[in-house]
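> predicted model and sequence below, questions to follow.
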Amino acid sequence: MLVGYELDEVFDDIILAVYVDTDDTGDNLVRDGIVIPGNAADRAWRIARVVKVGPNCIQVEPGKHIIFPNEFGVRASNIKITGGETIKQGVFLNEQRIFGTCDVA
């Protein structure tokens, strides 16, 4: 955790998103109710909810769900957002790295 600090903005076309496709531990992926060990899912698609976006992001906004390959982005954990939530399991990635947006069915 960034002890004594809170993230107040991200730059350029950077997105901070929180994974929504994991189990309660954050270590395993969940697909159609099936738990997949995280270490066995290197090439899996990931789904995350956008929390913050940089000023140059043009296709996503906070609250949208995005889909992208597991190997994209830099993992982030225990980051407190100024005036908001604490990200337990998330990712920083460029908007160019996402493959699309998706809706909750």
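Sure thing, it's come through.
> could you use CA atoms for every contact and neighbour count after this?
Will do.
> excluding covalently adjacent residues, which one is nearest to the residue most central in space within the chain?
The residue lying closest to the centre of the chain (C-alpha atoms, centre = their mean) is A17, at 2.9 Å. The spatially closest residue to A17, leaving aside those adjacent along the chain, is V50, at 4.2 Å (C-alpha to C-alpha, 6 or more residues apart in numbering).
> list the contacts for that neighbour?
By C-alpha atoms under 8 Å, 6 or more residues apart in numbering, the contact list for V50 reads 15-18, 60-66.
> residues near Q89, how many?
Using other C-alpha atoms under 10 Å, Q89 has 19 other residues around it.
> same check, this time on G100
14.
> bridging residues for it?
As for beta bridges, G100 partners with I67 under DSSP bridges.
> circling back: N39 versus the residue nearest to A17, what's the distance?
Applying C-alpha to C-alpha, to the nearest Å, the value for V50 to N39 is 24 Å.
> fine by me, we can end here.
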